[in-house]
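Engineer: Structure for the following, please:
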Amino acid sequence: MRKESAMHRVAVLALPPVVAFDLTIATHVFGHDGQGRYATTVCSPDGGSVPTTTPGLDLTVQAALDALDGADTVIVPGFARGPAPARALDALAEAYRRGARVASICTGAFALAQAGLLDGRRATTHWVHAQALAREHPRVTVDANALYIDQDPVFTSAGLAAGLDLCLYLVGRDHGQSAAIQRARHMVTPLHRAGGQAQFIPAGAQGQDDELAAVTAWANANLHLPITVLDLARQGVVSTRTLHRTFRDRFGMSPQAWLTQQRLRAACALLENGQITVEEVARRTGLGTATNLRTHFHRAFATTPTAYRRAFTP
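Structural biologist: Residues are numbered from 1 along each chain as shown. Take a look at the predicted model:
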């Protein structure tokens, strides 16, 4: 826990076009009137008007990059992917060098990566963008499953509600769990989920790389079979060594880990059908038994198949 001071200065850096929802998560958690623990400033590379990713909605901010100079925490909300302004990246790097805590919500992780703050670290972002983050920044270990990752003093989170989880987590680090509970209660939301709980990613939702398209398509069509890495290599007409390297480059994980991930995504889709038993879900996804499914499910999502079904079945 960080040492509590009279006022913790938070700078929320809006990179255009900013995701308005992500920005308001940070401003509401840290900047709501009457909280008394944080002084929050929204800034942008130039100050003034900032476009958002929502058509017809622009924001007007009062501060520019000099707001980062004295900030104890800098938060970068999501923004439309692309190169962030160099002066903003320089300001982020300088804030980090002087000891500020730096955090991102959703695609804000791309700005942290562009500033070099994620090199050699684990990081996460919205699962839709995880492959792009890993591909564009190979020195970053991207975890597409985590809701948020604590690599103090650098923190990253997945999209939307996971940003709220991270912000409440930071309140807890600064002022204790009771303060985080109080803040969550005031916002009429449950206390943050643990960062180790996984993002629920729909089966087949991630894009396919041409080099691996045939391999991954075959695997997803045959998940009920006891597929081995050698089977995958044969489908790709490559050696197992080449397959491992390609999977690491494209997915940031081994073929076996990717295969388990696909089985679990397929299991999630089947669990949303309330008529299929957990035992049948395990069989259809190649996980064998209900016990094995529960073990893998808890390890990946920090919950049970039954709890997932209750949450996602109408």
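
Engineer: contacts for the helix or strand where residue 75 lies?
Structural biologist: Under the criterion of DSSP states H and E, residue 75 resides in strand 73-76. The contact list for strand 73-76 (CB atoms under 8 Å, 6 or more residues apart in numbering) reads 8-13, 15, 26, 30, 68, 92, 95, 100-105, 108, 111-112, 167, 170. No exception for glycine: its C-beta is placed from N, CA and C like everyone else's.

Engineer: What residues of the helix or strand just after that strand count as buried?
Structural biologist: Following strand 73-76 in sequence order, the next helix or strand is helix 86-97 (DSSP H and E). Within helix 86-97, the residues that count as buried by 16 or more other CB atoms under 10 Å are 88, 89, 91, 92, 95, 96.

Engineer: and helix 86-97, how far from the chain's centre?
Structural biologist: Chain-centre distance of helix 86-97: 22 Å, with CA atoms, centre = their mean, to the nearest Å.

Engineer: looking just at contacts, which helices and strands does it meet?
Structural biologist: Packing partners of helix 86-97 (3 or more CB pairs under 8 Å, 6 or more residues apart in numbering; DSSP states H and E): strand 8-13, strand 73-76, strand 101-105, helix 108-114.

Engineer: quick one: the closest residue in space to residue 19 that isn't next to it in sequence from residue 134, how far?
Structural biologist: Nearest residue to residue 19, sequence neighbours excluded (CB to CB, 6 or more residues apart in numbering): residue 78, at 3.7 Å. Distance from residue 78 to residue 134, counting by CB to CB, to the nearest Å: 17 Å.

Engineer: more crowded one of those two?
Structural biologist: residue 78 (30 against 23; other CB atoms under 10 Å).

Engineer: what's the burial count for residue 135?
Structural biologist: Residues near residue 135, counting by other CB under 10 Å: 14.

Engineer: Pretty sure it sits against residue 248.
Structural biologist: No - the criterion here is CB atoms under 8 Å, and residue 135 misses it with residue 248 at 11.6 Å.

Engineer: This protein: helices as residue ranges?
Structural biologist: Here the chain has its helices, by DSSP state H, at 20-31, 86-97, 108-114, 127-136, 161-175, 177-186, 210-221, 229-236, 240-251, 255-271, 278-284, 290-301, 305-312.

Engineer: so residue 70 makes contact with residue 9?
Structural biologist: Yes - the criterion here is CB under 8 Å, and residue 70 meets it with residue 9 at 5.9 Å.
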